[in-house]
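Novice: Dropping a prediction and its sequence here:
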Amino acid sequence: MGWGRVRAVLVLEDGTVFWGRGFGSPGLAVGEVVFTTGMVGYTESLTDPSYIGQILCFTYPLVGNYGVPPYSMTDEHGLPLHFESWGIKVEGVVAHEVCFTPSHWSSIMDIDEWLRREGVPGIWGIDTRRLTAKLREQGVMMGALKTYEEGDDLDIGELRELVRRVEYGSTNYVVRASVNSPVFYESMHGHRGLIAVIDCGVKLSIVRSLLRRGYDVILLPHNVTASEVMKLDPAGVVVSNGPGNPKLCMETIDVVRNLIEYGVPILGICLGHQIISLALGADTYKLPYGHRGQNKPCIDLRTGRCYVTSQNHGYAVDPSTLEGTGLKLWFINADDKTVEGVIDEGRRILGVQFHPEASPGPNDTAWVFDYFIKLLER
């Protein structure tokens, strides 16, 4: 498809139009246009549930050069090795150049075929530097991505009007991302206990990280009740990453607030970190263009050490609202000093804005899982 007469257009809510070539599935995608600075890991990024509701632009100029491996390549727990969920989760893809002839021993198809199979449209051949600069200067904005055949009628005014009618921050995407019923995973590395994961759009690498530390894992719907969680007698609870505005996750916020009253150890990752903070009375706000990439430096305020982290978020915790919550500032972003982690060691509550499981990305902060395990075994 990407080699033929298929064209594509990306229309932003400020009226800007990018013309390019189409690849992937024919059709229309509407979502918040964001960018990631990661140089590798497009299979993990495109299957990250945190991107639901978003059109993802890759700043690295070449995408697809090592192809797409099969979902059937799994680890000892049956989890896919190169994907963060079972399927692409972004609404659309933006790239400067797409490789249609990949070279890698594990590849079974190119990225064009993958997107086509999963119904996701893409645009390539545009100046992604110009798009990224616009998003950095003006902030992320809604966009419409449409692929079409040359000669087809195309109404740009209609696309502009469509974009203006949709707002990313007013939709609770966690409802789409979460499991509807419990899903159990048995650890192949011992049976030290059970960890309950409140699934707001969990990355499978988080599940893998817990299983490999000897704990069975059960994924629970985002609207599970605290009493239902406690009936499982979990050693600890993880509130997962996920898409969208954390303030819209009212049911999950209530669940976490009640679980804190029970005294169960809790670890929040990304959206989960924001939900924990909201449950204890702090506030969150939307960042201009977010943090999405694999080389984001974070400083541990307790040790002074700086870690390179993988991140994907558009909201942050307001540090001025932490007073009275019992949470202490744990990590800050070395670039813009935004909150990257909170902690209440007495109540065994941890929250990190970055992804300690990385995937793709550095493994600098994998020790956060070990720290959580020590707390829940205390």
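Specialist: Thanks, I have the structure now.
Novice: For the helix or strand harbouring V9, which outside residues touch it?
Specialist: Assigned by DSSP states H and E, V9 belongs to strand 6-12. With contact meaning CB atoms under 8 Å, 6 or more residues apart in numbering, strand 6-12 is reached by 17-23, 26, 33, 55, 94, 121-124, 126, 131, 134, 141-150, 154, 156, 159-160, 163. For the C-beta atoms, the positions are set from N, CA and C on the backbone; glycine is no exception.
Novice: Sheet partners, orientation included, of it?
Specialist: Strand 6-12 sits in its sheet next to strand 17-24 (antiparallel), strand 141-149 (antiparallel), going by DSSP bridges.
Novice: Columns distance to I88 on top of those strands, output as a markdown table?
Specialist: Formatted as a markdown table, those follow (distance: least, CB to CB, whole Å):
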| stretch | distance to I88 |
| --- | --- |
| strand 17-24 | 9 |
| strand 141-149 | 14 |
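Novice: and the ones you listed as a markdown table, adding mean pLDDT?
Specialist: Listed next are the strands paired with strand 6-12 as a markdown table, based on pLDDT from 0 to 100:
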| stretch | mean pLDDT |
| --- | --- |
| strand 17-24 | 97 |
| strand 141-149 | 96 |
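Novice: What's the mean pLDDT across whichever strand or helix holds V308?
Specialist: Assigned by DSSP H and E, V308 falls within strand 306-317. The average pLDDT within strand 306-317 is 98.
Novice: Just the C-alpha atoms of that strand, please, in PDB.
Specialist: The C-alpha trace of strand 306-317 is given here as PDB (Å, rounded to 0.1, in the frame of the first residue of the first chain):
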ATOM      1  CA  CYS A 306      20.300  10.500  38.300                       C
ATOM      2  CA  TYR A 307      18.700   7.800  36.300                       C
ATOM      3  CA  VAL A 308      17.900   7.600  32.600                       C
ATOM      4  CA  THR A 309      14.300   6.500  32.300                       C
ATOM      5  CA  SER A 310      11.700   5.600  29.700                       C
ATOM      6  CA  GLN A 311       8.500   7.800  29.800                       C
ATOM      7  CA  ASN A 312       5.200   8.200  28.100                       C
ATOM      8  CA  HIS A 313       2.900  10.700  29.800                       C
ATOM      9  CA  GLY A 314       1.100  14.000  29.200                       C
ATOM     10  CA  TYR A 315       0.000  14.900  32.700                       C
ATOM     11  CA  ALA A 316       1.900  15.500  35.900                       C
ATOM     12  CA  VAL A 317       1.400  15.800  39.700                       C
END
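Novice: how close does V6 get to P360?
Specialist: Taking CB to CB, to the nearest Å as the measure, V6 falls 29 Å from P360.
Novice: what's the answer for P70, then?
Specialist: With CB to CB as the criterion, P70 and P360 are 18 Å apart.
Novice: Among these two, which residue is more densely surrounded?
Specialist: P360 (19 against 14; other CB atoms under 10 Å).
Novice: hang on, the more buried one in a helix?
Specialist: No. Per DSSP: H, G, I helix; E, B strand; the rest coil, P360 lies outside any helix segment and is coil.
Novice: these two touch, right, it and V40?
Specialist: Yes. P360 is in contact with V40 according to CB atoms under 8 Å; the separation is 5.8 Å.
Novice: what touches both of the two?
Specialist: When contacts are counted by CB under 8 Å, 6+ apart, P360 and V40 have Q294 as shared neighbours.
Novice: in this structure, which residue is closest to the centre?
Specialist: By CA atoms, centre = their mean, the chain has its centre lying nearest to S50, at 2.8 Å.
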